[in-house]
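Participant: 3D, please:
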Amino acid sequence: MREEGSAHPHSMDAYWMPFTANRQFKKAPRLLAKASGMHFWTPEGREVLDGIAGLWCVNAGHARPKIVQAIAAQAAELDFAPPFNMAHPKAFELAERLVQMTPQGLNKVFYTNSGSEAVDTALKMAIAYHRARGEGTRTRLIGRERGYHGVNFGGISVGGIVGNRKLFGPALGGVDHLRHTHDLARNAFSRGVPAFGAELADDLERMVALHDASTIAAVIVEPVAGSTGVLLPPKGYLERLRAICDKHGILLIFDEVITGFGRLGAPFASDYFGVVPDLMTVAKGITNGCVPMGAVFCKDAIHDVFMTGPEHVIEFTHGYTYSAHPLACAAALGTLDTYAEEGLLTRGAQMAPYFEDALHSLKGSRHVIDVRNIGLVGGVELEPLPGQPGKRAFDIFLECWQRGVLIRTTGDTIAMSPPLIIEKQHVDQLVGTLAEVLKTAA
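Facilitator: Next comes the predicted model:
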């Protein structure tokens with residue numbers, strides 16, 4: 001039992017924070033109390049430029065009127081509708097709107113509540129699809145080193161983050177990994193997509209030779225790996241991966257939780273690279289981060305394989321209590337309206353050259369060993385402090401916060417992914433502040 005009176009209104013004791021150094025945070029909390037447009041404000045009223053779109057998700061900027069109104073109206077009208085064997089009109093309206101935007105052939109939408117759930121859903125779809133086709137031996141899943149596919153057991157299994165293996169065990173069996181594409185020796189300081197490394201896709205042929213194609217269900221990759229340090233696909237890499245999957249009857253899944261909804265200056269990375277996957281996971285930007293939501297887009301041919309047997313039987317025994325949640329659907333519709341009215345899904349392409357030049361002005365700054373950019377995503381890799389991986393970048397994150405700019409760090413890489421409404425003066429402030437902090441960083 002807690003002592004009487006110890007739980008004053010602002011006690012931080014009870015909240016175990018996610019992906020946070022809890023002890024460090026609670027000694028010097030970084031609290032956000034308000035947001036609008038490109039900015040957050042602290043409880044004391046200090047303005048902070050949002051250089052990471054919340055967490056790669058607030059693509060249209062904060063507190064956008066259409067989205068706010070849509071959520072408020074929906075809560076009053078229909079707060080919840082059961083998603084199993086029932087539905088509500090906005091779920092269908094949103095799906096129709098979404099498939100008008102998706103790359104060719106991705107015409108079916110399955111709703112989830114997060115990117116992590118979308119990934120596990122897509123993996124289950126892939127395995128179940130092969131079984132429904134009579135190829136039940138295809139159960140193996142192929143991910144990639146340094147891949148991040150959320151935090152559920154499926155996602156950490158196909159993900160390629162060593163810490164997850166160390167902490168949570170082997171998770172799903174029968175998973176293998178392609179090599180990652182990060183090659184500092186050949187590609188450091190590339191502007192946009194790096195030139196070298198397309199042949200790394202041939203790793204998939206090695207997997208086929210080892211396991212046989214008849215055991216492999218799907219390959220999942222992020223077109224651009226975000227959370228492990230802004231790792232770009234080499235020129236021709238995704239095309240080659242697509243061709244090898246086609247050759248061997250393997251499904252290709254793109255995890256577009258970060259790259260979806262305008263982040264690269266095209267609606268989806270699939271559009272940007274001109275490579276269409278069989279399944280695509282999205283979340284984050286689908287509702288501008290305002291209400292949790294994710295989705296899996298899939299090709300008609302995959303969906304249709306399930307639509308056999310007696311009509312009263314559930315074809316795909318999967319879903320969530322909050323799939324197609326009315327508030328999420330309303331928020332998503334308001335978000336799509338906002339994107340459309342302001343041309344935000346392609347605005348990144350106009351801002352990208354300015355953003356690229358600003359980022360690459362950091363070449364030659366202390367500790368900077370690489371700068372990577374694509375669309376409105378930037379990564380600045382630092383030489384780690386000897387024996388203290390991640391500390392140098394984390395200290396820079398803290399100093400930027402003190403100076404009114406929010407960035408994100410992953411290992412010793414600083415990541416930036418500002419809202420798509422960003423203007424040149426915001427780019428100047430974001431990169432300029434980082435440049436100043438780098439001058440004095442230990």
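Participant: Would you confirm that Ala358 belongs to a helix?
Facilitator: Yes - residue state for Ala358 (DSSP: H, G, I helix; E, B strand; the rest coil) corresponds to a helix.
Participant: Pretty sure it sits against Gln425.
Facilitator: No - look at Ala358 against Gln425 with CB atoms under 8 Å: they stay out of range, at 11.2 Å. C-beta here means a position set from N, CA and C on the backbone, and glycine is covered the same way.
Participant: Looking at those two, which one has more neighbours?
Facilitator: Ala358 (20 against 11; other CB atoms under 10 Å).
Participant: secondary structure element for the residue lying closest to that one once chain neighbours are set aside?
Facilitator: Sequence neighbours aside, Val431 is the residue nearest to Ala358 in space, at 4.2 Å (criterion: CB to CB, 6 or more residues apart in numbering). Take DSSP states H and E as the rule and Val431 turns out to sit in helix 424-440.
Participant: What helices and strands are in contact with the helix or strand of the chain with the lowest mean pLDDT?
Facilitator: Lowest mean confidence among the helices and strands of the chain (mean pLDDT, DSSP states H and E): helix 162-168, at a mean of 90. Identification of packing neighbours for helix 162-168 by 3 or more CB pairs under 8 Å, 6 or more residues apart in numbering; DSSP states H and E yields helix 153-158.
Participant: what's the average pLDDT for the helix it packs on?
Facilitator: Averaging pLDDT along helix 153-158 gives 97.
Participant: Nearest to the spatial middle of the chain, which residue is it?
Facilitator: In the chain, the C-alpha closest to the average C-alpha coordinate belongs to Ile258, at a distance of 2.7 Å (CA atoms, centre = their mean).
Participant: which SSE is it in?
Facilitator: Residue-wise, Ile258 maps onto no helix or strand under DSSP H and E.
Participant: hang on, the earlier thing: outside of the least confident helix or strand of the chain, which residues touch it?
Facilitator: By CB atoms under 8 Å, 6 or more residues apart in numbering, the list of residues contacting helix 162-168 from outside reads Phe153, Ile156, Ala171.
Participant: make it 6 Å
Facilitator: Residues from elsewhere that reach helix 162-168 (CB atoms under 6 Å, 6 or more residues apart in numbering): Ile156.
Participant: need the next SSE after that helix, C-terminal direction.
Facilitator: Immediately after helix 162-168, counting by DSSP H and E, sits strand 175-178.
Participant: which other residues reach that next one?
Facilitator: By CB under 6 Å, 6+ apart, strand 175-178 touches Leu141, Ile142, Gly143, Arg144, Glu145, Ser157, Val158, Gly160, Asp203, Met207.
Participant: Tell me how far the last one lies from Gly174.
Facilitator: When CB to CB, to the nearest Å is the yardstick, Met207 and Gly174 sit 12 Å from each other.
Participant: who has more neighbours, those two?
Facilitator: More neighbours surround Met207 than the other of Met207 and Gly174, with 21 against 13 (other CB under 10 Å).
Participant: Next up, the contacts around the more buried one.
Facilitator: Contacts of Met207 by CB under 6 Å, 6+ apart are Ile142, Asp176.
Participant: ok, Trp193 touching Lys235?
Facilitator: Careful, residue 193 is Val and not Trp. Yes - Val193 is in contact with Lys235 according to CB atoms under 6 Å; the separation is 5.2 Å.
Participant: higher neighbour count, these two?
Facilitator: Val193 (20 against 16).
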